[in-house]
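Colleague: Let me see the structure of the following:
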Amino acid sequence: MHTIAVDCMGGDHGPSVTLAACRQFLASHAQARLILVGTQAAIGDFSHPRAECVVATEVVAMDDPLEVALRKKKDSSMRVAVEQVKSGAAHAAVSAGNTGALMAISRYVLKTLDGIERPAIAARIPNARGGATTVLDLGANVDCSPAHLFQFAVMGSALVSVLSGSNAPTVGLLNIGEEAIKGNEMIKQTGELLRAAAAAGDLNFVGNVEGDDICAGVVDLIVCDGFVGNVALKTGEGVASMIGSFIKQEFGRNWLTMAMGLMARPVLMAIKSRLDAGQYNGGALLGLRGLVFKSHGSADVRAFGFALERAYDASRHDLLDRVKARVARAAPLLAVSGAVSEG
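Modeller: Model (predicted):
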């Protein structure tokens with residue numbers, strides 16, 4: 001039985017989405033157990049033989065400063081959910097709340113793994129080959145050093161290994177060109193660390209990749225800082241939304257375009273399905289001494305359900321232990337990366 005703690009108050013929609021998603025998740029996962037965390041008014045009526053309700057008296061708002069979320073709201077649903085992982089009551093926690101607050105609380109409560117300075121958010125983005133490319137960091141760390149990016153590569157490789165079953169997932173470094181001489185100093189130094197890891201057999205680093213490679217599916221994992229990663233993620237979501245709006249407008253203009261739309265409907269529905277961000281919802285906060293997953297704040301019931309799926313799969317496939325093992329193997333290289341950054 002794998003137990004997931006859920007921050008029922010987080011996100012733009014709160015309990016109206018999270019509780020409905022929890023009910024559906026429990027109905028379809030006989031080996032899952034949930035710990036629902038929220039205010040008495042929100043979760044008091046929820047009842048299921050494989051669900052436990054834990055009351056929290058405070059809620060972290062989407063616009064709360066980190067100081068407020070971390071130091072003043074110590075009984076928030078977000079923090080109590082993460083503490084369930086810390087105590088061992090839950091194998092993982094899921095929240096759709098304030099990203100910065102979730103990262104700060106998770107790092108404070110759970111601490112980072114040895115050799116890892118900062119956690120990173122990793123998520124899957126659909127690619128042209130019919131699968132998905134894992135990208136990190138997607139917004140947790142705006143300013144990064146070469147050591148941080150190298151650590152992201154180590155953690156991300158472990159995650160992709162769990163998702164794909166591959167022992168040597170391909171890794172690319174996001175850059176403005178494929179050549180090793182391109183990019184700023186941080187990228188160049190990161191490339192040196194990754195090439196050294198590849199030479200030692202610790203990472204399957206294939207070189208630099210460019211922005212259009214994210215959706216091309218040329219590598220399994222793409223590493224970048226949180227600023228670049230978040231911009232890329234939001235741009236992709238915006239393009240998908242624009243395509244959907246354009247199709248709706250164009251095929252509704254007159255009887256001819258409506259007829260064309262009906263004929264093209266199977267293809268259009270397939271495109272919509274592939275670009276649906278909801279099915280890839282649920283980013284892993286890697287580098288912590290526990291499993292925490294971040295859902296989109298605007299997630300609907302279906303999308304939040306996918307975030308629960310991500311946490312459940314990570315738990316039953318021992319993601320945390322596999323990340324720990326990968327980080328331990330890379331300890332000498334992580335030490336070198338730290339020295340390079342300090343230099």
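Colleague: Give me the pLDDT for V109.
Modeller: Residue-level confidence at V109 comes out at 97, pLDDT.
Colleague: where does the protein dip in pLDDT?
Modeller: Counting by pLDDT under 70, the chain contains low-confidence residues at 237, 239-280, 336-343.
Colleague: what ranges do the strands span in it?
Modeller: Ranges of strands in the chain, per DSSP state E, are 2-7, 32-38, 51-55, 92-95, 120-126, 132-136, 170-174, 204-209, 221-223, 283-286, 291-294.
Colleague: Pop the domain breakdown of this protein in here.
Modeller: The domain map for the chain lists 2-110, 120-277+324-342, with the assignment taken from automatic domain parsing.
Colleague: closest to F306 out of those domains?
Modeller: Distances from F306 to each of the domains of the chain were compared using Cβ to Cβ; the shortest belongs to domain 2-110, at 8.9 Å. Heads up, the C-betas are built off the backbone N, CA and C, glycines and all.
Colleague: Pick out the residue closest to the middle of this structure.
Modeller: Closest to where the C-alpha atoms of the chain average out (Cα atoms, centre = their mean) is G283, at 1.3 Å.
Colleague: If you tally nearby residues, what's the number for the nearest residue to it once chain neighbours are set aside?
Modeller: The shortest distance from G283 to any residue other than its chain neighbours is 3.8 Å, reached at A123 (Cβ to Cβ, 6 or more residues apart in numbering). A123 is surrounded by 26 other residues when neighbours are defined as other Cβ atoms under 10 Å.
Colleague: who are the neighbours in contact with A123?
Modeller: Contacts were defined as Cβ atoms under 8 Å, 6 or more residues apart in numbering; by that measure A123 touches T134, V135, L136, L138, L233, Y280, G282, G283, A284.
Colleague: need the residues you listed in CSV with distance to D202, can you?
Modeller: Output for those, formatted as CSV (distance: Cβ to Cβ, whole Å):
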residue, distance to D202
T134, 18
V135, 20
L136, 17
L138, 24
L233, 27
Y280, 28
G282, 27
G283, 24
A284, 21
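Colleague: Among the residues you listed, which one lies nearest to N98?
Modeller: G283 (13.9 Å).
Colleague: show me what contacts that closest one?
Modeller: When contacts are counted by Cβ under 8 Å, 6+ apart, G283 touches I121, A122, A123, L138, F293, K294, S295.
Colleague: let's see it at 7 Å
Modeller: Contact analysis of G283 by Cβ atoms under 7 Å, 6 or more residues apart in numbering lists I121, A122, A123, L138, F293, K294.
Colleague: any idea how far H48 is from F25?
Modeller: Taking Cβ to Cβ, to the nearest Å as the measure, H48 falls 10 Å from F25.
Colleague: When the two are compared, which one has more neighbours?
Modeller: Residue environment comparison for H48 versus F25 gives the larger neighbour count to F25, 24 against 14, counting by other Cβ under 10 Å.
Colleague: For the more buried one, which non-adjacent residue is closest in space?
Modeller: Nearest residue to F25, sequence neighbours excluded (Cβ to Cβ, 6+ apart): L308, at 4.7 Å.
Colleague: Thank you, goodbye.
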